[in-house]
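Asks: Structure here, sequence nowhere to be found:
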Ligand SMILES: Nc1ncnc2c1ncn2[C@@H]1O[C@H](COP(=O)(O)OP(=O)(O)OP(=O)(O)O)[C@@H](O)[C@H]1O
């Protein structure tokens, strides 16, 4: 029991010594963390952590993997919220209104590469230079220096083709680019050879000599941190010791930092095990009491952009972001992205709604005379669609039962004479009507093929009987159509909806994926720390995707109107505007998905999950009127139901915006656009 107060006394003395050596001669600090707590769901990562980075010094943050170094740095730059405690960076909490952090004053190298793979080294540095408001001359000068200093390949080398170590050096170059006042470097020397590592440290030591630059750096190479002015040894979310490396080593009578660290760990373990054996629990347990049930794993990227405007040229940022968000398209997958919708719509026009070919139909003709009417009628059947197989009654029915034929056409032995009687005499018996009729037995398991057989039969009766056909036809007469033509096929019905659907889903997929990937690769964090708000990033995505879908729509229209000859009786401008607006609906829905979901797999699943239900109940493949009632109400509320109807009305009826069925499609589309953009913003806000 006497060991505990002694231990406490020793701890207190050690802390006082270290603080004294830290504070001596300098009041200022660049970063100060007090009682900082942070957890991911129930996982406590930072526990009452205190840390001070003196102004104009290098702070080496050391600790085993998973002890919370990256989490702490993210809290310092403001991309993660702390649940308790206080952090002050360059005088104010990060993301404090009017504060310079995030902004140009801070250079952040996250642990992830956070680089655009499709950029060259030159593009990457130019991009960050623009974001930081550097002039092209300044950027070029810094670029030349950094490429030489970091021993990087030529500036037109693509980032994606660089080695892991080279990529990390480019990432470091991006953090050093604007000569920031505060450098936050998360393992900058990983994958870097010892010579270059020494050079990087030498440079860091050099730049802090002015007293204007402060650096906090994490590293796994404990010994290299001896070059830091102060080291912090971290374990299990707590700082075990903080002070100049020599003082820390002396304190623990160690000859290396590693030894000192091991000793600190042992001491900490002993204290922990004593606390565990104590029934009331020790001070560590109390200090780790986080607000329970609160999930803080969300990033806080959506905070309004803070204080950057006075430094940055907005246009430069927008241009840089647009280039960056477009870059994945412009390079590798551009052609694919532009051609994909054309390929999809071509497949629809070629494969959906056309006439079936080569349907085998068994023909049982019981008329034997060469001049029989049945023979000449059969010669009028469209042979490319219906292949006639003359068979006996038994073989024909065996064949249809075995699935060899789609139907059987049968003529009775008196077909010609009975048909003639039917046409000449006013009143005929049922037997004459029956015998003078062509009999058809169908396999109705595939309605489409059989619809064709029936259509061909109607056509051939009309053709062959010519002027007399009305005598045997049904008492129905189809006049000239008001809209459309007699030849209107299923393709014509499907195409407008398919065009909208393709535009919508490509936009959803591309936007959701690129935004989620940027977040995952740490690019959003990095840009945010550089002073770019999430809203700006979202808008950049919106505009770059808008460019992509505009080209897609142009190609789509060229194909459907000129190659597949889909008619357009209405205004081409209205057609284009409606399709573009549907593309925007897709982009904004993609933003909703990426705002709500963190990884690309789930984002893909969400996009794909709604694809079929929406396609099927939006009346794109089959008319809405065929949908049972409760579902029909849902269908009408979907973004593409009224829009498809409006597009059909414009293209096939030549209607304009004065018609309700047209403006309703535009209104619903605009409504969904607004809803999705507001929803994406709200979700992002809620996640702060
Ligand atoms: N987004 C997250 N969601 C849940 N847990 C997380 C998340 N990020 C980190 N963690 C957990 O928090 C703990 C600290 O992680 P952190 O990345 O801060 O460690 P680190 O000290 O930087 O490790 P390393 O040196 O390996 O990078 C780890 O246990 C990690 O699994």
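Replies: Structure received. This one's a predicted model, so the numbers in the text were calculated from it and none came from an experiment.
Asks: May I have the phi/psi pair for the closest residue to the ligand within the stretch 551-688 of the chain?
Replies: Nearest to the ligand in the stretch 551-688 of the chain, going by CB to the nearest ligand atom, is residue 598, at a distance of 8.1 Å. To be clear about C-beta, it is placed using only N, CA and C from the backbone, and glycine gets the same treatment. When quoted as degrees, to the nearest 10, the phi and psi of residue 598 stand at phi -100, psi -30.
Asks: how much space between residue 444 and residue 376?
Replies: In this view, residue 444 and residue 376 are 28 Å apart by CB to CB, to the nearest Å.
Asks: go on, residue 505?
Replies: As judged by CB to CB, residue 505 and residue 376 stand 51 Å apart.
Asks: who has more neighbours, these two?
Replies: More crowded of residue 505 and residue 376, by other CB atoms under 10 Å: residue 505, with 22 against 12.
Asks: Is the more buried one in contact with residue 586, as I believe?
Replies: Yes - counting by CB atoms under 8 Å, residue 505 touches residue 586, with 6.5 Å between them.
Asks: Now the phi/psi pair for residue 564, please.
Replies: Taking degrees, to the nearest 10 as the convention, residue 564 sits at phi -100, psi 0.
Asks: Please look at it and residue 348 and confirm they touch.
Replies: No - applying CB under 8 Å, one finds residue 564 not in contact with residue 348, separated by 9.1 Å.
Asks: Which neighbours do these two have in common?
Replies: By the contact definition CB atoms under 8 Å, 6 or more residues apart in numbering, residue 564 and residue 348 are jointly contacted by 491, 495.
Asks: okay, these two: which has more neighbours?
Replies: residue 348 (21 against 15).
Asks: you'd agree residue 51 is up against residue 33?
Replies: Yes - between residue 51 and residue 33 a contact is recorded at 4.3 Å, counting by CB under 8 Å.
Asks: Now for these two: what residues contact both?
Replies: Between them, residue 51 and residue 33 share the contacting residues residue 72, judged by CB under 8 Å, 6+ apart.
Asks: Please enumerate residues in contact with stretch 344-353?
Replies: Contacts for stretch 344-353 (CB under 8 Å, 6+ apart): 489-495, 498-499, 502, 556, 559-560, 563-564, 566.
Asks: swap that for stretch 88-96, sorry
Replies: 29-33, 75-78, 86-87, 99-102, 105-106, 181-182, 300, 303, 306.
Asks: Which other helices and strands does the helix or strand containing residue 535 contact?
Replies: Counting by DSSP states H and E, the element that carries residue 535 is helix 534-557. If contacts are counted by 3 or more CB pairs under 8 Å, 6 or more residues apart in numbering; DSSP states H and E, helix 534-557 sits against helix 314-328, helix 334-351, helix 490-520, helix 523-529, helix 572-596, helix 660-686.
Asks: change it to 6 Å
Replies: Applying 3 or more CB pairs under 6 Å, 6 or more residues apart in numbering; DSSP states H and E, one finds that helix 534-557 contacts helix 314-328, helix 334-351, helix 490-520, helix 572-596.
Asks: Residues of the protein that sit close to the ligand?
Replies: Taking CB under 6 Å from any ligand atom as the contact definition, the chain meets the ligand at 40, 43, 45, 63, 65-71, 111, 297.
Asks: do that again at 5 Å, thanks
Replies: 40, 45, 65-71, 297 (CB under 5 Å from any ligand atom).
Asks: Quick check: ChimeraX command selecting the buried ones in those.
Replies: Entered in ChimeraX, the line below selects the buried ones among those, by 16 or more other CB atoms under 10 Å:
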select :45,67,68,69,70,71
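Asks: Of the residues of the chain next to the ligand, just say which sits nearest to residue 602.
Replies: Closest approach between the residues of the chain next to the ligand and residue 602, by CB to CB: residue 297, at 14.6 Å.
Asks: what pLDDT does that closest one get?
Replies: Residue 297 carries a pLDDT score of 37 in this model.
Asks: Let me see the contact set for residue 659.
Replies: By CB atoms under 6 Å, 6 or more residues apart in numbering, the contact list for residue 659 is empty.
Asks: Direction-wise, compare the helix holding residue 535 with helix 572-596 and give the angle.
Replies: Inter-element angle recorded for helix 534-557 and helix 572-596: 140 degrees (by axes from the mean of the first three to the mean of the last three CA atoms, to 10 degrees).
Asks: In stretch 628-635, which residues are buried?
Replies: Those would be 632, 635, for stretch 628-635 by 16+ other CB under 10 Å.
Asks: Give me the contact list for that stretch.
Replies: With CB under 6 Å, 6+ apart, stretch 628-635 has contacts from 617, 624, 627, 641.
Asks: Tell me where the protein has strands.
Replies: 29-40, 43-54, 58-62, 84-89, 106-109, 182-186, 214-219, 230-235, 238-243, 359-365, 386-390, 407-411, 439-442 (DSSP state E).
Asks: Take the ones you listed and write them to CSV, including distance to residue 428.
Replies: Shown next, in CSV, are those (distance: least, CB to CB, whole Å):
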stretch, distance to residue 428
strand 29-40, 87
strand 43-54, 89
strand 58-62, 102
strand 84-89, 98
strand 106-109, 94
strand 182-186, 95
strand 214-219, 99
strand 230-235, 102
strand 238-243, 104
strand 359-365, 22
strand 386-390, 28
strand 407-411, 17
strand 439-442, 17
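Asks: With mean pLDDT added, can I get the ones you listed in TSV?
Replies: Listed next are the strands of the chain as TSV, based on pLDDT from 0 to 100:
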stretch	mean pLDDT
strand 29-40	92
strand 43-54	92
strand 58-62	93
strand 84-89	92
strand 106-109	92
strand 182-186	93
strand 214-219	92
strand 230-235	91
strand 238-243	89
strand 359-365	89
strand 386-390	87
strand 407-411	90
strand 439-442	88
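Asks: how's this structure carved up into domains?
Replies: As assigned by automatic domain parsing, the chain contains the domains 17-105+180-288, 316-351+489-686, 359-471.
Asks: Out of the contacts of stretch 628-635, give me the two with the largest separation.
Replies: Spatially, the most separated pair among those is 627 and 641, at 9.5 Å (CB to CB).
Asks: out of the two, which sits in the busier spot?
Replies: Just comparing residue 627 and residue 641: by other CB under 10 Å the higher neighbour count belongs to residue 641, 23 against 19.
Asks: Find the nearest non-adjacent residue to that one, please.
Replies: Ranked by CB to CB, 6 or more residues apart in numbering and with sequence neighbours excluded, the top spatial neighbour of residue 641 is residue 618, at 4.7 Å.
Asks: Mind listing what's buried along stretch 565-582?
Replies: Neighbour counts over stretch 565-582 (16+ other CB under 10 Å) mark 566, 568, 570-571, 574-575, 578-582 as buried.
Asks: So which of the domains of the chain is nearest residue 127?
Replies: Using CB to CB, those put domain 316-351+489-686 closest to residue 127, at 5.0 Å.
Asks: and the gap between the spatially closest residue to residue 156 that is not a sequence neighbour and residue 382?
Replies: Distance criterion CB to CB, 6+ apart; nearest residue to residue 156, sequence neighbours excluded, is residue 120 at 4.8 Å. Note on residue 120: its distance to residue 382, by CB to CB, is 60 Å.
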